[in-house]
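Engineer: sharing a sequence plus its predicted fold:
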Amino acid sequence: YRSIHILAIYILQMQKTMFQVVNYIATRAKANANGLCARVISLLTCVLFIVSCVQPDIPMVNLGIDDTYTVERMRTLILHPEYEGDTYAWRMGDEVISTHRDLIFCQAQAGTYHLQLEINNTTPSYTLLHNTTIVVWDEQVAYSPYISKVLEYNPAPGQFINTMPQYEVGDTYATMLRKVEESILGTHRTLISLGAWGGYVTFAFDHSVVNTPNQSDFLVEGNSFYASATSKGGSSEPGIVMVSIDINQNGLPDDPFYQLAGSEYAAPSTQHQYSLTYYRTSANHTPQPDKKNSLTDSTYIRWKDNQNQSGYLHKNTFHTQEYFPQWLKDSTLTFVGSRLPDNAYDPNGKGAYWVQQPFEYGYADCHPNDSIARCSFDIDWAVTDEGKPIYLPCVDFVRVYTGVQQQCGWIGEVSTEISHARDLNIE
C-alpha cells in the first residue's frame with residue numbers, strides 16, 4: 001500500500017519534469033521548427049496524457065486510519081498510520097498533541113474530537129494529511145475506581161510469603177493469583193506481601209487511568225505507620241511504582257513499563273538496572289541460628305546481585321513457614337529494577353529497636369494511608385529506562401515492587417505490603 005503511494009508521488013514528480021521538458025522543447029521549436037522536435041513533442045504529449053490519468057490526490061489521503069472512530073471515555077485508542085515519514089504532527093484544533101508516529105488517544109470526557117495528522121518526508125519529498133473524528137461516549141456501566149483485575153503476582157522470598165495470602169498444599173500460580181484478587185479487588189483491603197527486594201504485583205482497573213494535568217491520578221494503600229505524632233519514622237517499606245499502556249491492545253502487561261520517579265529516583269545511592277537472584281534453600285541445608293537477633297537461621301536463603309555482592313535472607317523466630325514461594329517449582333528467582341537507599345536504622349545500636357524512615361513522596365507503603373497526598377501518584381512522574389521524562393496520556397497497568405534491599409534484625413526484611421488502590425479521577 002505504501003509502495004503504491006510512493007510510486008504515485010514519483011509519477012507526479014516525473015510529470016512535473018516532463019511538463020518542463022515539453023515547455024523547453026516547445027520554446028526551441030518556435031525558434032527552429034523541424035520534424036524531430038515536432039515528433040518529440042507529440043510523443044511527450046501522449047506520455048503526459050497517460051500519466052495524468054493516474055494522478056493521485058496527494059494533499060489529503062487515507063493513511064491506514066479511519067475517518068471516524070467511536071470509543072468509550074477512559075478507554076485507550078491507538079491510531080497507527082501505515083505510512084512512514086521523517087516527522088509527524090497530530091493536531092487537535094490548533095494544538096499539536098503528539099509528534100510520535102502512533103497516537104495514544106484517551107479522554108476523560110465524552111464529546112466529539114477532531115484530529116488531523118500531518119506526515120512530512122524528505123526523500124522522496126511529500127506532505128501527507130489526514131483528518132479523523134473520534135466520538136467519545138459515556139460508559140454504559142459505571143466504572144469502578146478500584147482494582148478490577150490482578151494480572152501478576154511474583155513475590156520475592158520473605159517472612160510473610162505463603163501467609164499473605166495463605167498458601168495451601170496443591171495451590172498453583174493461578175490459585176495464588178485468585179487469592180491475591182480476593183484480597184485487594186474492589187473495596188477489599190486485605191494485605192498482600194511482595195516479599196524482599198524485587199517482588200511485585202501487577203494490577204489493572206476496569207478502564208484506563210487518565211493522566212489529569214496538575215493533579216495526582218491514583219493512590220495505593222499499604223500498612224505503613226508513624227512511630228509518633230512528632231516523628232515520621234516508624235514502619236515504612238517503600239515500594240516502587242511502575243505504569244504501562246496496553247499498546248498492543250491484548251489486555252496483558254507485556255508492553256514497556258515506566259517507573260514513576262519518586263523523591264529518591266535521582267539520589268546518589270539509588271541503584272538503577274540493579275539485579276538480584278534468590279536461591280531456594282536445599283533440603284539438606286543446616287540452619288545457623290542467631291538467638292541474639294531472634295533468628296532461627298541466619299543463612300536461610302542465599303542471594304547474589306549484579307554488584308558482586310551476596311548474602312542471606314534470614315529466617316526469624318516469629319515466622320516459621322517456608323519463605324520461598326511454595327507454589328513455584330523454580331530453584332531461583334531473579335528480579336531487575338531500581339534499588340532504593342536503605343531506609344532503616346538501629347537508634348541505639350543494640351538491635352532491639354529499628355526505625356524505618358519514609359521517603360518524601362512517590363512510593364507505595366511508605367506513609368500511612370490517611371496521608372492521602374503522600375500515598376498518591378502522578379502519571380507525569382513517568383520516566384524511561386534512561387531516566388528521561390515521558391508523557392503518558394493514560395495507563396492501563398500498575399506494577400508495585402519492593403524497592404529496598406535491607407534486613408532489620410529480628411524485624412526481618414523490608415517488604416512492601418499493599419491492600420488497596422484507587423483511581424482518583426472517579427468518585
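Structural biologist: Okay, I see it.
Engineer: any idea of the mean pLDDT in stretch 77-95?
Structural biologist: Averaging pLDDT along stretch 77-95 yields 95.
Engineer: chain center to it, what's the gap?
Structural biologist: 21 Å (Cα atoms, centre = their mean, to the nearest Å).
Engineer: residues in contact with that stretch: which ones?
Structural biologist: Residues outside stretch 77-95 that contact it (Cβ atoms under 8 Å, 6 or more residues apart in numbering) are 1-2, 5, 63-65, 69, 71, 96-106, 113-122, 128, 130, 132, 134, 247, 249. (Each C-beta comes from the backbone N, C-alpha and C, glycine too.)
Engineer: okay, how far is it across it, tip to tip?
Structural biologist: In stretch 77-95, first residue to last residue: 19 Å (Cα to Cα, to the nearest Å).
Engineer: list the contacts of residue 65.
Structural biologist: 79-81, 117, 130, 132.
Engineer: and it, which of the three is it?
Structural biologist: coil (DSSP: H, G, I helix; E, B strand; the rest coil).
Engineer: tell me the pLDDT at it?
Structural biologist: So, for residue 65, pLDDT stands at 93.
Engineer: still on that earlier bit, give me the subset of the contacts of stretch 77-95 lying in strands.
Structural biologist: Counting by DSSP state E, the part of these found in strands is 69, 71, 96-98, 103-105, 113-121, 128, 130, 132, 134.
Engineer: among those, which ones are buried?
Structural biologist: Buried subset of these (neighbour count, 16 or more other Cβ atoms under 10 Å): 69, 71, 97-98, 103-105, 113, 115, 117, 119, 121, 128, 130, 132, 134.
Engineer: what's the closest of these to residue 312?
Structural biologist: Of all those, residue 104 has the smallest distance to residue 312: 44.5 Å, by Cβ to Cβ.
Engineer: tell me if I'm right that that closest one and residue 245 touch.
Structural biologist: Yes. Using Cβ atoms under 8 Å, residue 104 is in contact with residue 245, at 6.1 Å.
Engineer: common neighbours of the two, please.
Structural biologist: Common neighbours of residue 104 and residue 245, using Cβ under 8 Å, 6+ apart, are 76, 392, 394.
Engineer: helix/strand/coil for residue 178?
Structural biologist: Under three-state DSSP, residue 178 comes out as helix.
Engineer: just flag the most distant two among the buried ones among the ones in strands among the contacts of stretch 77-95.
Structural biologist: Once Cβ to Cβ is applied, those give 71 and 121 as the farthest pair, at 29.2 Å.
Engineer: which stretches of the stretch 151-300 of the chain form helices?
Structural biologist: Under the criterion DSSP state H, counting those that start in this stretch, helices of the stretch 151-300 of the chain are mapped to 173-184.
Engineer: quick one, strands of it?
Structural biologist: Remark: strands assigned in the stretch 151-300 of the chain by DSSP state E, counting those that start in this stretch are 192-193, 200-204, 209-210, 218-221, 225-226, 234-235, 239-244, 257-260, 271-279, 295-305.
Engineer: given the fifth one, what are its sheet partners and their directions?
Structural biologist: Note on strand 225-226: by DSSP bridges, its sheet partners are strand 234-235 (antiparallel).
Engineer: quick one: contacts of the strand it pairs with?
Structural biologist: Here strand 234-235 has contacts from 223-228, 355-356, 358, using Cβ under 8 Å, 6+ apart.
Engineer: in PyMOL, select just the buried ones from the residues you listed.
Structural biologist: Applying 16+ other Cβ under 10 Å to the contacts of strand 234-235 leaves a buried subset, and the PyMOL line that selects it is:
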select buried, resi 223+224+225+226+355+356+358
